[in-house]
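Trainee: With the input below, show me the fold.
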Amino acid sequence: MKLRPLEIRDAEPMLEWMHDDFVVEKLQANFAAKTLEDCIAFIKNSKDANNIHLAIVDDNDYYMGTVSLKHITDTTAEFAITVGRAAMGKGYSKWAMAQIINIAFDEYKVKNVYWCVAPDNLRALSFYDKNNYPKVEASEVQIAGGYTQEQIDSYIWYQVSNNKAE
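Mentor: Below is the predicted model:
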């Protein structure tokens, strides 16, 4: 397993998970409407000053999913991850999540990494709870992701703090 910058060759396997109802049924975006061209555009724009999206790849450098830090500021970053069905239950998510959180703390020097989950996304909630990620009240999070108040109030929020931050 490793993380690397997204490459154009990742577009087809990315589109595959986007069109897999099992993978996307509880996610916030309408991935079923995405096209190969959308994936290529996403890959071409996968890094800027406030966002980083990396490929999670297997030992043969084959794309298994994407892990992201979004809305990066001096103090916070929003975490996101999606893996394809073939990667589920094989440790990719757990490993990639630990890696991207370390990148947030060590390279971007943020104090907190946060994310949210829809309350009916039981698979994601189980994963985060099993791995002991702390739930927090939305009021404790410096949210920068363009969420509506209804979403903020209805989602379940998690946040990891950098104990090494000054």
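
Trainee: mind listing what the one residue sitting closest to the centre of the chain touches?
Mentor: By CA atoms, centre = their mean, the chain has its centre lying nearest to residue 80, at 1.4 Å. When contacts are counted by CB atoms under 8 Å, 6 or more residues apart in numbering, residue 80 is found next to 66-68, 70, 115. In short, each C-beta sits where N, CA and C put it, glycine included.

Trainee: in the helix or strand harbouring it, what's buried?
Mentor: Assigned by DSSP states H and E, residue 80 belongs to strand 76-83. Buried positions in strand 76-83, judged by neighbour count with 16 or more other CB atoms under 10 Å: 76-83.

Trainee: Export the residues you listed as TSV, with columns for distance to residue 21 and pLDDT.
Mentor: TSV is the format used below for these (distance: CB to CB, whole Å; pLDDT from 0 to 100):
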residue	distance to residue 21	pLDDT
76	32	93
77	29	95
78	25	95
79	24	94
80	19	92
81	18	93
82	13	91
83	15	93
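
Trainee: Out of those residues, which is nearest to residue 111?
Mentor: Nearest to residue 111, judged by CB to CB, of the buried residues of strand 76-83 is residue 76 at 6.8 Å.

Trainee: Who does the closest one form a beta bridge with?
Mentor: Following DSSP bridges, residue 76 is listed with bridge partners residue 112.

Trainee: do residue 80 as well
Mentor: residue 68.

Trainee: Of the contacts of residue 80, grab the buried ones for ChimeraX.
Mentor: With 16+ other CB under 10 Å as the criterion, this ChimeraX line picks the buried residues out of the contacts of residue 80:
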select :66,67,68,115
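
Trainee: Need the contacts of residue 80 in a markdown table (columns: distance to residue 150 and pLDDT).
Mentor: Converted to a markdown table, those look like this (distance: CB to CB, whole Å; pLDDT from 0 to 100):
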| residue | distance to residue 150 | pLDDT |
| --- | --- | --- |
| 66 | 26 | 95 |
| 67 | 27 | 97 |
| 68 | 23 | 95 |
| 70 | 20 | 94 |
| 115 | 18 | 94 |
